[in-house]
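Colleague: output the structure for:
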Amino acid sequence: MTGEGYSSYPILDALQKQLPGRHRFHVPAHCVLPYQYWSRYDLTELPGLDHLYHPQGCIAAAQELAAAVFRAEKTFFLVNGSSAGLMAAILAFCRPGETLLVGRNSHRSVAAGLILSGARPEFIPVAEGPAGIPLNITIADAAHALNCSATARGLLVTSPNYWGVSSDLVALNALLRQRGMPLLVDEAHGGHFIFHEIFPGGAACSGATLWVNSGHKTLGALTPGAYLHVRENIPELRKLEEALSMLQTASPPYPVLLSLDLARGWLEKFGHSAFDAALETAFRLRRAINESHVFQCLEQHDLPHDLQLDPLRLTIYWNKFPLSGYRLSELLHERGIEVEMAGPAYLVALVHPGLTADAATALLRALQDMEQRFGTGSPNHLPEPYPLPALKLSPREAATANTRMVPLREAAGLIAAQLVTPFPPGVPVLYPGEIILSETIARFEADLKAGVHFQDLTLKPRPLLSVVAE
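Modeller: Model (predicted):
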């Protein structure tokens, strides 16, 4: 039985087991805020408070203050995460049948926006760097996609990606402005970029039309608090507001709204100095890790010239080590160290302003111990990248079609009716409407064997996929 080993309150039980003695190199980062407010201020739309979807009081004022700090014309508070903002943006900018250029490294919420809007994606492939680490969209990638597309409505780019790799948003925006197209940016992991000059250039300074920042990932707000920013008074603004009211809860949680306001105020006053300290910790960790005979950090010199790297996101990889990232993550967990994610031959660890010196020391000691314990091995065998299949139906057409479930091994040549998403990072490797390739199935099976968690695959009694019934 699933509930075995838990008390009468399984979620409380699991959370309490996570509390003591853990070193946290992962989101959320709200330990930086010196406030305890999640129960005391859990109120509703009472007199003197405000309404999230038609704000005229305290929420309106807080959003105006946030817009000034984040250098936007208008800012919306999000209580269903950056995901709600991305879905709303696609609904606002794209009509059914219209085309949107989308990086293949986009979050699954982008896929949800495509399904809801009826828009058709034209995917921009993303190259891999050392140890199979995904990079990001370059200027050449975007220019090629624009030249090949006769109908694109705009470009949605994820920058930075989960591994901290950022595109040149200024150059991308200039490229799109020449064609009268909007640049939409999923900057969920890069809300801190404007608070220190060492960080990559962010969406706020690029001229992008719209961007989202996850308040909880690096800025100190509660999960799933986020911000959606608009550069100018765009014609799509009314549709954006309507979409936000449809995609978010009808009972906005005031603790999350409050945390977004508190995070904004804290960052305005202390953001630069707090990230100064975090950068010092990150650079110390990078220097020590790069002195290892086994482990090294992804660095700027590993990237194409027009991509940049978030120095706070440590993507630790190796070429000759007998353990996978998934197994190494498990061993670190046993030592009280929680990283953000693992891959075939890498880990991702996030440094944030709330990270303690003890946590940094614990990570270094653990990696040193692992190096001594396991030594070096033969070169790591990396899986082939997921292929980019042909899109036969729009995601909406496939997701709303008649479907049937088939065993994974029998799905080659059929049209997918569902997303398949490794989590983390939450980036789909198969979209509804795409032809299922035998190479894709082989990679699914290899990843399942390695311990990758998929959000969407039915695994029992055997792996099954939803396909379009023909």
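
Colleague: can you give me the helices in the stretch 1-150 of the chain?
Modeller: In the stretch 1-150 of the chain, the helices defined using DSSP state H, counting those that start in this stretch lie at 10-18, 58-69, 81-93, 108-117, 139-148.

Colleague: and those: which comes nearest residue 463?
Modeller: In terms of Cβ to Cβ, the element of those nearest to residue 463 is helix 108-117, at 18.8 Å. To be clear about C-beta, it is placed using only N, CA and C from the backbone, and glycine gets the same treatment.

Colleague: relative to helix 81-93, how tilted is the closest one?
Modeller: In terms of direction (axes from the mean of the first three to the mean of the last three Cα atoms, to 10 degrees), helix 108-117 departs from helix 81-93 by 30 degrees.

Colleague: mind checking the longest strand of this structure?
Modeller: When secondary structure is assigned using DSSP state E, the longest strand within the chain turns out to be strand 152-158.

Colleague: OK, contacts around residue 281?
Modeller: 351, 355, 357, 360 (Cβ atoms under 8 Å, 6 or more residues apart in numbering).

Colleague: you'd agree the last one is in a strand?
Modeller: It refers to residue 360. No: per DSSP: H, G, I helix; E, B strand; the rest coil, residue 360 lies outside any strand segment and is helix.

Colleague: could you double-check that it lies in contact with residue 285?
Modeller: Yes: the pair residue 360 / residue 285 is scored as a contact, 5.7 Å apart, by Cβ atoms under 8 Å.

Colleague: the more surrounded of these two?
Modeller: Taking neighbours as other Cβ atoms under 10 Å, residue 360 and residue 285 compare with residue 285 leading, 24 against 19.

Colleague: next, count neighbours for residue 310.
Modeller: When neighbours are counted by other Cβ under 10 Å, residue 310 comes out with 25.

Colleague: not counting residues beside it along the chain, what's closest to residue 228?
Modeller: Closest residue to residue 228 apart from its sequence neighbours, by Cβ to Cβ, 6 or more residues apart in numbering: residue 85 at 3.8 Å.

Colleague: if I look at the one you found, how far off is residue 372?
Modeller: To residue 372, residue 85 is 46 Å away according to Cβ to Cβ, to the nearest Å.

Colleague: show me which of the two is the more surrounded one.
Modeller: The neighbour comparison of residue 85 against residue 372 (other Cβ under 10 Å) goes to residue 85, with 32 against 9.

Colleague: and residue 430, which of the helices of the stretch 1-150 of the chain is closest to it?
Modeller: Closest among the helices of the stretch 1-150 of the chain, using Cβ to Cβ: helix 108-117, at 9.9 Å.

Colleague: sorry, back to before: okay, and the common contacts of residue 360 and residue 285?
Modeller: residue 351.

Colleague: for the protein, name the helix or strand with the lowest mean pLDDT.
Modeller: Ranked by mean pLDDT, DSSP states H and E, the weakest helix or strand in the chain is helix 10-18, scoring a mean of 56.

Colleague: these two touch, right, residue 415 and residue 392?
Modeller: Yes: Residue 415 is in contact with residue 392 according to Cβ under 8 Å; the separation is 5.4 Å.

Colleague: next one: phi and psi at residue 320?
Modeller: Note on residue 320: its backbone torsions stand at phi -140, psi 90 [degrees, to the nearest 10].

Colleague: surely it meets residue 381?
Modeller: No: in this structure residue 320 lies outside contact range of residue 381 using Cβ under 8 Å: 11.2 Å.

Colleague: for the two, indicate the residue with more neighbours.
Modeller: For residue 320 versus residue 381, neighbours defined as other Cβ under 10 Å are more numerous around residue 320 (13 against 9).
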